[in-house]
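# A structural model of the following input is requested.
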Amino acid sequence: MSDRLQRMAAFAVLAVAAASPAYVLAQDEKIATTVEKWDRYALGNHRYAVDVATAAPAVQVTIPWRLRDRAIGEHRIIVTDSAGHPVSNVLRRHVDQVSATLVFEPAQGAGRYFVYFQPFQQTGSRNYPKLSYLPWQDSAAPAWSARIGAASPTKLDALPRAKVAGYEAIDPFDAYTEMERVASSVETTRVLHGAQRSPFLLFGEDRAHPVRMFDQLPQRWAMRGPGKPLHLSASRGEFLSFQLGLWTPNRALNDVRITLDALQGANGARIDASKLHRFVLGGTDYTGQPFAQRHDVAQGRIDPLWLGLDIPVDAKPGRYKGVATVTTDAGSQRLPIELEVVSDKIAAHGDDTPQNFTRLRWLDSTLYQDDSVVAPYTPVQVQGDVLAILGRHVRIGSDGLPAAIDSEFTPRMTSIGKTPRALLAAPMRLVVDDGKANVATAVASPKVETIGPARVRWNARSNVGALQQDVQGELEADGSLHYRIALKATQATSLRDIRLEIPFAADAARYMIGLGRPGDETADRFDWKWDVQKNQDGAWIGDVNAGMEFRLRDERYERPLNTNFYHDKPLKMPLSWDNGGKGGIRMARSGDRYDVVAFSGPRTMQAGDTLRYDIELRITPFKTIDPPRHFSQRYFHKYAPLDDITGIGATVVNIHHATPINPWINYPFLEPAKMKGYIDAAHARGVKVKIYNTIRELSDHAPEVPVLESLGHEIVSPGKGGGWSWLQEHLDGDYIAAWHVPEIRDAAIINSGASRWNNYYIEGMDWLARNVGIDGLYLDDVAFDRVTMKRVRKALAAHRPDPLIDLHSANQYNERDGWNSSALLYMEQMPYLDRLWFGEYFDYQKTAPAYWLTEISGIPYGLMGEMLQDGGNPWRGMVFGMTNRMPWTGGDPRRLWKAWDAFGIEQSEMIGWWAPDVPVKTGRKDVLATVYQRKGRAMVAIASWAPQATSVPLQIDWKALGIDPAKATITAQEIDGFQAARTFKRDEAIPLEPGKGWLLELEAK
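Just a heads-up that it's a prediction; the model follows:
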């Protein structure tokens, strides 16, 4: 995400004229934020009000702030009068986390004064701020200090005392909670004294008081003491979340376990607790697999141990009692639980109120975790050793690896034909070189098992020299091939190399992206080595209608962070392929082959050693392109009045975050009524509404943030902290600060792309589609993989007709992103996308057609897209069916929309310049022509990549166009800012300026 993109998001006051009475935004409606009481940038977020009864040279006051900030003694304190005038003469008698005793001069006499603490200074950018807290500054005048006897504790003790009127925060969201008020040393000692022999202390806590400090005892617990019964209340049918607070002041604990007895009520009433969610001890991961994990607690830590229990909808109202037991290596403790079940019944487990943590059960969801087929894909067909999927076939060799792959997608990419195109010149193979190039000798041939309509699996065992090769392969309906390959040494052996050979058919290996090489035609020779500084582990090689992505991994693979944060969690070098820097990839063209060899270099293996040479393959295209659908969906990328949107001809609106109906980044759940009202009004006008929501960073306004923080690094990515003041004041410092919207003070933290938050995300998409009616998603770069992307598509398709998902990406080819390619980074998600928007920092002016085709257009993968940076290049865009997006900078696509409609482009067939049978050609590689053909007429988009002005005669197949050349006309309609009106003779050369082109119409008179 870039500053440019976010600056374009609508922060302004915007109106919506609703046709239906469902929802009308007032003309002055803004994002709901609290009116601030003072200037936070000058004074900070917090203050105490104090009252001075009578005028005096000096007064004393003790502020009982009980702050979690251990460095508060180093920070500046500012005193002002009621009008905001600063008081210069201020002395600190004592400052610690519990309280501060100050002496100040009430210069305005009796009245109210304010004591501000934690003022900060902001540097950095507005969206990635850097904040430092101002150091204490002694401002008291020496003469005043002497006059009041500042050097004499007795004289200071005798000063009149101001009265503390109360704590105030600049707004409710910034306020310190009760769980952030630290216990004093005296209170802490008292608690410890009462439990001297306990290896740990247990405090029950309800959902209304989430633990916020993980190494400091809150005053609330110190006053109550450990081991007291936990009193809870819930409605029937509600998912009840609560905490068992574990404190380890004396020693570390290992292997924490939690049990909860069934809760017993009156007259035999009972609530079963066998399905208790113990979130920190395991659950269901984002791939749908159950997992359990050992949980240890370091000495001095406070661990909330969040739990969740579904209260049956038919539970009898009344009081229930039970006992929770926490067992560790140092013994166990029991905590009584008392639950009051009220008579009210709540719908959907209480999911409509996320502030009650009722959605925590979503973390363990398996929703849409199945092997059903997603449109437009078809079930995997097993025909002996040949596996058939949409437009493609894979033949499995005796070693389990692909022996042949072909594609039946036509070169136009708008249909699937019956003529297969071979992608491989020979079978893929894994070679073990011990001085002899050993290849697999099958021991057990592959047996294909159908797991579900969309997935098949097979296993194969082979001997390869002194190694045993076990292959587990899977093919999914979208064209994804997953290989887990284990090579086990049967004896001690020294090897020269273990390598994968992929012999592409030379005619299919036309283009390449990846391995640090931007999209281009394949090189005759290319060499690459592993480097942790680069987010590179594979490439895509192919042509428009036949290609394959390959990725090299091992069992340790974890998806790295991306989009500005790669180096915070870089790629784990695969021990097998990298082999301590000895591994790499070499490519070379040789006759009818284009050989890709992934080598790992020399190594020694002992008997029993096992190495994992895992491979991910994706066969492209995934699906055909659908130009008529693409041209009919005209995007408006801004929150705006619906009549304005329909008035310009847009049919789809993307709602960014930082807007009144979707304020908080990647947490679109806190304004559901406003969002539904807007969407209902849009649907009444025939407009689809998609919302911004992805996994990459998460708003600090998400109620679940304290729970996620308590789960360590499972969901919240580790980092150095910092960022906006809310993050620094309310989190424990182990996070990566992300996007910040200063207008509404929304600050995000980076979250992992492979965690149970993915399960929450899927449930959230399902909830939004069911309850709010969203028509799809706008994804602004993503951190999740294809497993989650597939579930997103299923969730939307289950509730919305023709749902839409478009993906935006800023160009990843830079140092901070590890010199990656956006197209390659997101190829695994592409089967479930509808459109690309690539994107900021993409160069539309100086890059070649091969780059446009492979890196920007999406066409070789079955997608179409739009341009972003500076509005793109409209002439070049049209040869790929692309414009910029309304109402973005650099151009207005309405001028082209009008031309499309006048011609009837939605009724045409797109025949791209890449298709051998395109009926209009230029005979040049640097001037391209794409035809949009209707019966008896055609629109021809021509664009130049030539460095100088040029002219080209068109090579026109009039018969293929169905136009009588004797009656043909070639005209350019006037399009403002694009081209002047002009008529060309049939054999006239077409003049072209550098970087520009024409949109010509051919028809018979």
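# Just the pLDDT for the closest residue to residue 297 other than its chain neighbours.
Distance criterion C-beta to C-beta, 6 or more residues apart in numbering; nearest residue to residue 297, sequence neighbours excluded, is residue 253 at 4.5 Å. Using the backbone N, CA and C atoms, a C-beta is placed for each residue, glycine as well. pLDDT for residue 253: 97.
# begin at 568 from here
Sounds good: first residue 568 from here, last item residue 820.
# show me what contacts residue 1333?
934, 935, 1362, 1365, 1366 (C-beta atoms under 8 Å, 6 or more residues apart in numbering).
# swap that for residue 1557, sorry
1509, 1518, 1519, 1520, 1521, 1551, 1565, 1567.
# Selecting buried members of those in ChimeraX, what would you type?
The ChimeraX selection below is limited to those of the contacts of residue 1557 classed as buried (16 or more other C-beta atoms under 10 Å):
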select :1509,1519,1521,1551,1565,1567
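# So which of the contacts of residue 1557 are in strands?
1509, 1518, 1519, 1551, 1565, 1567 (DSSP state E).
# which of these sit farthest apart?
Across these, the longest distance by C-beta to C-beta is 13.7 Å; it joins 1518 and 1567.
# Grab the nearest non-local neighbour of residue 1050.
residue 1182 (4.1 Å).
# How confident is the prediction for that neighbour, by pLDDT?
Taking residue 1182 on its own, its pLDDT is 98.
# Sheet partners, orientation included, of the one helix or strand it maps to?
Element membership for residue 1182 (DSSP states H and E) is strand 1181-1187. As defined by DSSP bridges, the strand partners of strand 1181-1187 come to strand 1047-1056 (antiparallel), strand 1113-1120 (antiparallel).
# Alpha carbons of that strand, as CSV, please.
Backbone C-alpha positions of strand 1181-1187 (Å, rounded to 0.1, in the frame of the first residue of the first chain) are rendered in CSV as follows:
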residue,chain,number,x,y,z
ASP,A,1181,9.1,-30.1,-2.0
ILE,A,1182,7.7,-28.6,-5.2
GLU,A,1183,4.7,-26.4,-5.9
LEU,A,1184,3.5,-26.2,-9.5
ARG,A,1185,0.7,-24.3,-11.0
ILE,A,1186,-0.4,-24.9,-14.6
THR,A,1187,-1.6,-21.9,-16.5
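# Can you say which helix or strand has residue 1098 in it?
Per DSSP H and E, there is no helix or strand for residue 1098.
# nope, residue 1144 is what I meant
Assigned by DSSP H and E, residue 1144 belongs to helix 1142-1145.
# helix or strand right after that helix?
Immediately after helix 1142-1145, counting by DSSP H and E, sits strand 1151-1157.
# thought the residue nearest to residue 864 was touching residue 898?
No: contact criterion C-beta atoms under 8 Å: residue 820 and residue 898 do not qualify, at 9.4 Å.
# quick one: which of those two has more around it?
When residue 820 and residue 898 are compared for neighbours, residue 820 comes out ahead with 23 against 11, by other C-beta atoms under 10 Å.
# so where does the spatially closest residue to residue 1132 that is not a sequence neighbour fall, helix or strand?
Once flanking residues are discounted, residue 1132 sits nearest to residue 1317: 5.7 Å by C-beta to C-beta, 6+ apart. Per DSSP H and E: residue 1317 is located in strand 1313-1317.
# in its sheet, what does that strand sit against?
strand 1264-1266 (antiparallel), strand 1304-1308 (antiparallel).
# and after the shortest one, which helix or strand comes next?
Helices and strands here follow DSSP H and E; after strand 1264-1266, the next one along the chain is helix 1272-1277.
# can you tell me the average pLDDT over that next one?
In this model, helix 1272-1277 carries a mean pLDDT of 98.
# After it, heading C-terminal, what element do we hit next?
That would be, after helix 1272-1277 and using DSSP H and E, helix 1292-1297.
# Show me what that following helix packs onto, helices and strands only.
Packing contacts for helix 1292-1297, counted by 3 or more C-beta pairs under 8 Å, 6 or more residues apart in numbering; DSSP states H and E, involve strand 696-700, strand 1313-1317.
# Mind checking the ones you listed for the one nearest to residue 837?
strand 1313-1317 (41.1 Å).
# got the buried residues for stretch 815-825?
Neighbour-count burial for stretch 815-825 [16+ other C-beta under 10 Å]: 815, 816, 817, 819, 820, 823, 825.
# Now tabulate those in CSV and tack on secondary structure and distance to residue 1014.
Converted to CSV, these look like this (DSSP: H, G, I helix; E, B strand; the rest coil; distance: C-beta to C-beta, whole Å):
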residue, secondary structure, distance to residue 1014
815, coil, 52
816, coil, 58
817, coil, 57
819, coil, 49
820, strand, 48
823, coil, 43
825, strand, 43
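# Perfect, I'm done here.
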